[in-house]
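In: Return a 3D structure for these sequence lines:
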Amino acid sequence: MKPLVEFCASNVSSYTQSVVDALENDPDLDVDVLEYGCLGYCGECYMEPFALVNGSLVQAPTADELLVKIKNKLREEEELLDADFPL
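Out: Sure thing, here's the model as predicted:
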């Protein structure tokens with residue numbers, strides 16, 4: 001199952017469109033990127049860029065920092081899966 005990164009449409013229009021584009025166009029990532037009308041994080045949505053990575057809230061002061069945090073979270077989760085299910 002692919003990792004899932006979810007974005008709020010309001011946050012995308014304000015802050016995170018570049019992050020969505022970067023994730024969708026990164027040949028090294030195999031993730032599902034979805035955008036919803038609302039994710040229920042209205043306070044966070046108004047204040048700064050955010051996304052949900054496999055259901056966990058990830059926030060950052062800038063879109064560039066959010067992209068780095070998302071990639072780090074994806075890497076951490078992949079390492080945990082590899083540790084739990086070695087080949």
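
In: Number of residues surrounding Leu57?
Out: 11 (other CB atoms under 10 Å). No exception for glycine: its C-beta is placed from N, CA and C like everyone else's.

In: Confirm that it sits in a helix.
Out: No: going by DSSP: H, G, I helix; E, B strand; the rest coil, the assignment for Leu57 is strand, not a helix.

In: so it touches Glu44, yeah?
Out: Yes: counting by CB atoms under 8 Å, Leu57 does reach Glu44; the two are 7.1 Å apart.

In: so what's in contact with the two at the same time?
Out: Applying CB atoms under 8 Å, 6 or more residues apart in numbering, one finds that Leu57 and Glu44 are jointly contacted by Phe50.

In: give me every residue that touches the closest residue to Phe7 other than its chain neighbours.
Out: Distance criterion CB to CB, 6 or more residues apart in numbering; nearest residue to Phe7, sequence neighbours excluded, is Glu35 at 4.8 Å. By CB under 8 Å, 6+ apart, the contact list for Glu35 reads 6-9, 12, 20.

In: List buried residues within those.
Out: 6-8, 12, 20 (16 or more other CB atoms under 10 Å).

In: Closest to Phe85 out of those?
Out: Glu6 (24.1 Å; CB to CB).

In: Using CSV, list the CA coordinates for the lowest-mean-pLDDT helix or strand in the chain.
Out: The least trusted helix or strand in the chain, going by mean pLDDT, DSSP states H and E, turns out to be helix 42-47, with a mean of 83. Extracted in CSV, the C-alpha atoms of helix 42-47 (Å, rounded to 0.1, in the frame of the first residue of the first chain):
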residue,chain,number,x,y,z
CYS,A,42,-9.3,24.8,10.2
GLY,A,43,-7.1,26.6,12.8
GLU,A,44,-3.9,25.1,11.3
CYS,A,45,-5.1,25.6,7.8
TYR,A,46,-5.5,29.3,8.3
MET,A,47,-2.1,29.7,10.1
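
In: Give me the contacts around that helix.
Out: 8, 10-11, 14, 39, 50, 57, 59.
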